[in-house]
Structures are given as C-alpha cells and as structure tokens.
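Undergrad: I would like the atomic coordinates for the input below:
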Amino acid sequence: MKHPAKRARIWIALALCLTLLTACTSGGDQKAAAFEQAKSLLASGRISDAASAFAQLTGYEDADTYAAYVEAARLRQTGDYTAAAKAFGALNGFGDSKEQEAACLKLADATAYDAAATLLREGQYDKAAEGFAALSGYEDASLQAMYAKALELAEKGEYDLGIGSLKTLDSFRDSRIQAIYYEGRQAEDAQDYESADAIYRTVAAFRDSQGRLDLLADHKLDQSFAAAASQLSANGWTDEVKALFEGLADQNYTTGETVMNERLGSVASKALTDGNMDAAEGLYTLLEQRGVASARDGLNAVAVAKATALAEEGKCEEAMQALEGIETDEAKALRKTAAAELAKKAEADGDLAKAYEMYVLADDVEDGAAKAAAIQERYVAAVTLLGEGKFDEAHEAFESLGTYGDAGRMALETLYRKAVAMVNAGEWEEAVKQFEALGEFSDAAIQAKAVWYHKAEKCMEEGKWEEASEAFAKAGDYSDAKERILEPFYAEGEQLLEAGDEVGAFAAFTKAGDYKDAAVKLQAIYYAQGVRYENAAEWDKAMENYMKAGDYEDAKEKVEFCAEQRRLAVDAQVVATFSDFGGEATPSDASETPAVTDAPAAATETDTATEAPAAETEAAATEAAETTVPPAPELPDTINN
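TA: The predicted structure follows:
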C-alpha cells in the first residue's frame, strides 16, 4: 500500500511539469528564460553579452538592477575602479555589490599608489608627494609622501630640510644613501670640492654621483694647470714641469678634449714667442700626441728656429736633420744652403751618393743642379742596362750607387722586371720566388699570386686539372682564385661527360664538391643510369639509381614507377609458376609467398580478368629483358648533395 504523502508529492510534481510545459508557450516565460540566460552570461564573466541581454529586459523583474550591476562590472573590468566602486555602491547591497565596492575601492587606491610611485621614479617629486598624501592610511603612502617631499626639498636646494627628513625616515627605502648623496650636493654647491669629492666617492654608483665626480675633476684640472704654468714660468722646462704637463695631457675636461687642447696650445705659443724652444717643442709634441693637427705647424716652427741656430754654428748635418720632413718656404731655403755646404764636403770626401743627394737639394745654390748632373751619368748607365734586359748587371750597377737618388728602388725594380721576364718565359716557380723575395715592393706580393693564377688558367687550357686546382689554391685571395679552386674538376667532369665517360665524370664532379651545380651533375648521372636499368627492366637497380638521384627531375616518381613494375613482374612470375602446377595465385605484395593448393579450383570471372594483365605484364617484361642496353658504369653508393 502506497503512503498518502508520497502520492501527494507525485501529483504535485506532475502538476508542476504540466505547468512548465504549458508556460513554455507563453510570452512571460520566454522573458523568464531570457532573464535566466542573461544571469548565466553574467555568472560566466561574459560582461558585454550580459549587458546586451539585460538591456533587452528593461522593466522585467530586477533586470534593470542587474543591468546596473553589469555596468559596474564593466567599469571594473576596464580599470576604472573609482567609477566602478561608485556604481556598485549605488546598488544598495544588491548581490555581492558591497564586497565588489570594497574591492574596487582597494584597487582604486592601489592604482593611485602605483601612479604616484611612477611619478616618483620619473623624478616628479612634488606630484608624487601630492599623490601619496592623498592616499593617507593606504599601506605606506604616508612614508612615501614624506620621502617624495624630502627629495623635492633637496632638489630645490633646501638641503637642511631635505636631508633632515631623509635622516628621519632612516631605513625607509634608500633614505640613508639619499641623505649622503645630498650632503655631497650641498658641499658641491658650497664649492667645498674636497668634501664633495670624498662624499661622492662613498656613493659613486648611486644616481649621478660619478658624473658629479667628473665635474669636480674639471675644477681640480684648473688648479693643476695653473700650478704647472706657474712652475714653467719660474723654472723653465725641467723634468718636473714636463711631468706635470704630461699628466695634464693624459686628461680631458668633461666638456671634451677641445678645452685641454686650447689651454696647452696657449702655453706652447707663449713658450715659442719667448724663445723657450724646449718647452715649446715639448708642449707641441704633447698636442700632436693628442691628435691636434695644427701642432705640426708649431713643431715645424720650433725645428726651423733650432736649425737656423745650428747652421750658424756650422753644424749643417744637424741643421738638415732638424729640418727633415718640413716643407715651409723658410725651411726649404735653409735646407738648400746647408745641403750645398754638405755636398761640397761629401764630394771632397769621395762620397758621390751623398754629394749628388746634397747637390740636388742645393738646386740653384752653389750650382748644385749642374754638379749633380755629372754624378747622374752612372745612374743613366744603370738604367740603360735595365732597358737592354741585362737585369743582373743593372741590379749590380744600381746597388753600387748606394743611396743615390732612387737607386735603391731601381735595384728592386730591376729584380721585379726580371721576375716579369720569367713569367713570360713560363718559368712560373722561379718567377714566384723572385716576386716573393721582393717583399712589399710595389705590387710584388700580388704579382706572386697572379703568377699562380695565370699558371692555373694555362693548365686549364691544357687539361691539367690537378695542377690547375693547386695553382688556384696557391693564388690565395688574388682575383677570384678562391672561388675557382674546384672549377678545374668541374670542367674536367663536363669534358668527360661529353666524351661519354660517366665514371670519370662522376669522379671529377665529386672532386668539384659544391662548385656550381656539380651535385646536380652527379644526380643526373645516377638518373641516366636509372634510365638504362629501367629500359632493361632491371627494376631493383633502376630504383637504386633513381633513389641516389634524389630530387633530380622526376627521380622520385621513377622510384615509385619501378617499384610498381617490379611488383607486377613478380606477380606475373607467381601466376606463371602456379599455372604450371594447376593452382591459382592472387597478385599481392611481391614479398609475400603465394599459397599452394592441392587441386586447381574452377576459374571465376574475376580470375579470368586477373590473368589477362598478368600475362601481358610477363610478355612486356620478357620483351624488355631482350632489349639491348648499354653497359652501366659502376658508380659509388652515395653522392655529395
């Protein structure tokens, strides 16, 4: 017997189900479903979709309140936490709006805190202080406000207040090191550079302490420069004074090297005017070492002044040495006079090379040009020997002239021309030795490589492939020699291929490595090999060569074709074999062993259809096997792709 209460529950459930089924057709329940769907969208975080859904339900139950909640959620989602908190607060406790309001207020404070922190990092201390002050009670905002205000005061030069505040903050953030830094700034502003230097060095890696140390160095340079100039004026160019200026020349002002150059140049110019040549020379030398182009003019002026004094004392050799490399008008005139004196003395001593040199320099002084002409006759004789191709005699003649004129260079020129003659005579190796012996003379080093290069081209013409490759290698970086080292083997391969020697061509192209399309040439040989085997119906060998041909033309398709032909040939052989025994076979993978039956079965329509192509395939294979195929060359197993 069923319990009355249980029956009642069943009836109620049935009634509810009936009611729901009936309600599904009503407009009111459609809105209810849409309302539930909107709430579901909100619950799943699809804020935009939920907003659209609730907007369609204006006036329905508390859809408007939900719409306001969704808008508040959207504001929070976009990061407008203050507006979101206000919107959640306006919902008067709807759902979790109070919790959301509290959360948004915290996020708003956090965002404002981060914004103030960003201003602090950017050095906008006044704005940062205002931002933190507005967050009183939020985390450490009050301390941050005090910290920012302290930095603001210190930056404005109100050091006592700023440093005092930083010391009060003590271990908060970097207050301690900031206090030390601003103590250095305070000392610097008071022009107490020694104290500032000592303070900055304790925090050298902090902020711009190093840069400020550099600025302090400028002030110290000024003091050192004044002291050095004072000592020069009082004591002259002593070792001590020289050391002082050398120390200064090793340094620069923070504004660049120009300031130091100008200060050194001013002292050097004054020394030259005062006749203090040692000081002027020393200072101009320091300037030249610093890369000042005009320093050379100052050194030339010093040299001319010294040379004039030496010539007046009869020390012409020393005067000439002092003027060496100087081409001012004053120096040239002084050099001619000194050279004329030295030429007369050298001629008297029998030193014709030096006499000629000095007479040439003397030019129109003491008939120097005319006297040099007589000495030049020996040089002309040597040039004549060179023109006649008497290289050894010419070389000996130029050598005997010593330092006269360009005799030394002409001696090398003679050897150079001798090497060229060797090249023309085909004496390659001797020519190379001659050019290499000339070292850096002219383009001898290049010519040595050029000889190998031209020998390589000659060997190419004569088909001496190995020699050509070796010669290109020895030519080094001459022209395109490096790129042509493998060219002889490639050319050899093409020649052999054209002559029908595939084995030889294969070996040559292999040596050619990655030169041009050598690898493709090798693939082409394998491909041609595959074609021969294919024509002979030797499917395995054809497949092997096509596979080695890689991606050459349709080699991959050829592999598949030959594999199929091999399978058909095997199937044909299997069919033929079983036909001899009165059995039947089903063509399949060539690797499978056909099953043998005790008695032949009756042929079906399918069997008849299968036997025809098999027979045709066997006939085709037989015909192909009887075809005469040229012998295939034995090629290596792999190629260098």
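
Undergrad: name the helices or strands packed onto the helix or strand hosting residue 220?
TA: Element membership for residue 220 (DSSP states H and E) is helix 209-235. Packed against helix 209-235 by the contact rule (3 or more C-beta pairs under 8 Å, 6 or more residues apart in numbering; DSSP states H and E) you find helix 175-189, helix 193-202, helix 239-249, helix 257-273. In short, each C-beta sits where N, CA and C put it, glycine included.

Undergrad: residues of it that come out buried?
TA: 209, 212, 213, 215, 216, 217, 221, 224, 225, 228, 229, 232 (16 or more other C-beta atoms under 10 Å).

Undergrad: and what of stretch 153-172?
TA: 153, 154, 159, 162, 163, 165, 166, 169.

Undergrad: out of those, the closest to residue 47 would be?
TA: Of all those, the one with the least separation from residue 47 (C-beta to C-beta) is residue 169, at 43.4 Å.

Undergrad: give me the distance between that closest one and residue 175.
TA: Note on residue 169: its distance to residue 175, by C-beta to C-beta, to the nearest Å, is 4 Å.

Undergrad: check residue 334 too.
TA: With C-beta to C-beta as the criterion, residue 334 and residue 175 are 73 Å apart.

Undergrad: what of residue 475?
TA: 72 Å.

Undergrad: same question, residue 424
TA: According to C-beta to C-beta, residue 424 stands 88 Å off from residue 175.

Undergrad: same thing with residue 499?
TA: 92 Å.

Undergrad: neighbour count for the two, which is higher?
TA: Each of residue 499 and residue 175 has its neighbours counted (other C-beta atoms under 10 Å); residue 175 has more, 21 against 10.

Undergrad: correct me, but the more buried one touches residue 150?
TA: Yes: with contacts counted by C-beta atoms under 8 Å, residue 175 reaches residue 150, the gap being 7.4 Å.

Undergrad: which segments of the chain make up each domain?
TA: As given by automatic domain parsing, the domain ranges for the chain are 123-207, 521-592+605-625.

Undergrad: secondary structure class of the most centrally placed residue in the chain, three-state.
TA: The centroid of the chain falls nearest to residue 477 when counting by C-alpha atoms, centre = their mean (23.8 Å). With DSSP: H, G, I helix; E, B strand; the rest coil as the basis, residue 477 sits in coil.

Undergrad: what's near enough to touch it?
TA: By C-beta atoms under 8 Å, 6 or more residues apart in numbering, the contact set of residue 477 is residue 449.

Undergrad: what's the answer for residue 476, then?
TA: Residue 476 touches 449, 452, 482, counting by C-beta under 8 Å, 6+ apart.

Undergrad: got the phi and psi for the residue lying closest to residue 547 once chain neighbours are set aside?
TA: In space, and not counting its chain neighbours, residue 547 is closest to residue 559: 5.6 Å by C-beta to C-beta, 6 or more residues apart in numbering. Per-residue torsions, residue 559: phi -60, psi -50 (degrees, to the nearest 10).

Undergrad: swap in residue 253?
TA: Main-chain dihedrals, residue 253, degrees, to the nearest 10: phi -80, psi 160.

Undergrad: ranges for the strands of the stretch 351-500 of the chain?
TA: Listed in chain order, the strands of the stretch 351-500 of the chain (DSSP state E, counting those that start in this stretch) amount to none at all.

Undergrad: next, count neighbours for the residue nearest to residue 301 when sequence neighbours are not counted.
TA: Closest residue to residue 301 apart from its sequence neighbours, by C-beta to C-beta, 6+ apart: residue 272 at 6.3 Å. Neighbour count for residue 272, taken as other C-beta under 10 Å: 18.

Undergrad: residues near residue 107, how many?
TA: 17.

Undergrad: what residues of the helix or strand in which it is found count as buried?
TA: Under DSSP H and E, the secondary-structure element containing residue 107 is helix 97-121. Using 16+ other C-beta under 10 Å as the burial criterion, the residues of helix 97-121 that qualify are 97, 100-101, 103-105, 107-109, 112-113, 116-117, 119-120.

Undergrad: which two in these are spaced the farthest apart?
TA: Across the buried residues of helix 97-121, the longest distance by C-beta to C-beta is 34.2 Å; it joins 97 and 120.

Undergrad: and the gap between residue 135 and residue 298?
TA: Residue 135 sits at a distance of 67 Å from residue 298 (criterion: C-beta to C-beta).

Undergrad: also residue 552?
TA: On the measure of C-beta to C-beta, residue 552 and residue 298 end up 75 Å apart.

Undergrad: low-confidence stretches in the stretch 401-550 of the chain?
TA: For the stretch 401-550 of the chain, not a single residue meets the criterion pLDDT under 70.

Undergrad: could you rerun that using 80?
TA: 401-405 (pLDDT under 80).

Undergrad: same deal with the chain?
TA: 1-28, 223, 347, 350-353, 357, 374-375, 400-405, 578-641.

Undergrad: switch to 50 and redo it
TA: 1-25, 590-632, 638-641 (pLDDT under 50).

Undergrad: got a markdown table for the contacts of residue 476, with distance to residue 542 too?
TA: Formatted as a markdown table, the contacts of residue 476 follow (distance: C-beta to C-beta, whole Å):
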| residue | distance to residue 542 |
| --- | --- |
| 449 | 49 |
| 452 | 46 |
| 482 | 40 |
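
Undergrad: filter those down to just the buried residues.
TA: Judged by 16+ other C-beta under 10 Å, buried ones among the contacts of residue 476: 449, 452.

Undergrad: list the ones among the contacts of residue 476 that fall in helices.
TA: Within these, residues falling in helices by DSSP state H are 449, 452, 482.

Undergrad: what residues are up against the last one?
TA: Yep, that's residue 482 we're talking about. 472, 476.

Undergrad: what separation do you get for it and residue 332?
TA: 49 Å.

Undergrad: same check on residue 249?
TA: Going from residue 249 to residue 332 by C-beta to C-beta gives 31 Å.

Undergrad: the two: who's more crowded?
TA: Comparing residue 249 with residue 332 by other C-beta under 10 Å, the one with more neighbours is residue 249, at 18 against 13.

Undergrad: chain neighbours aside, what residue packs nearest to the more buried one?
TA: residue 286 (4.2 Å).

Undergrad: report the secondary structure state of that neighbour.
TA: Relying on three-state DSSP, one would call residue 286 helix.

Undergrad: what does residue 527 give?
TA: Per three-state DSSP, residue 527 ends up helix.

Undergrad: re the thing from before, name the residue in residue 135 and residue 298 with the higher neighbour count.
TA: Legend: neighbour count by other C-beta under 10 Å for residue 135 and residue 298, higher for residue 298 (22 against 19).

Undergrad: sweet, I'm off.
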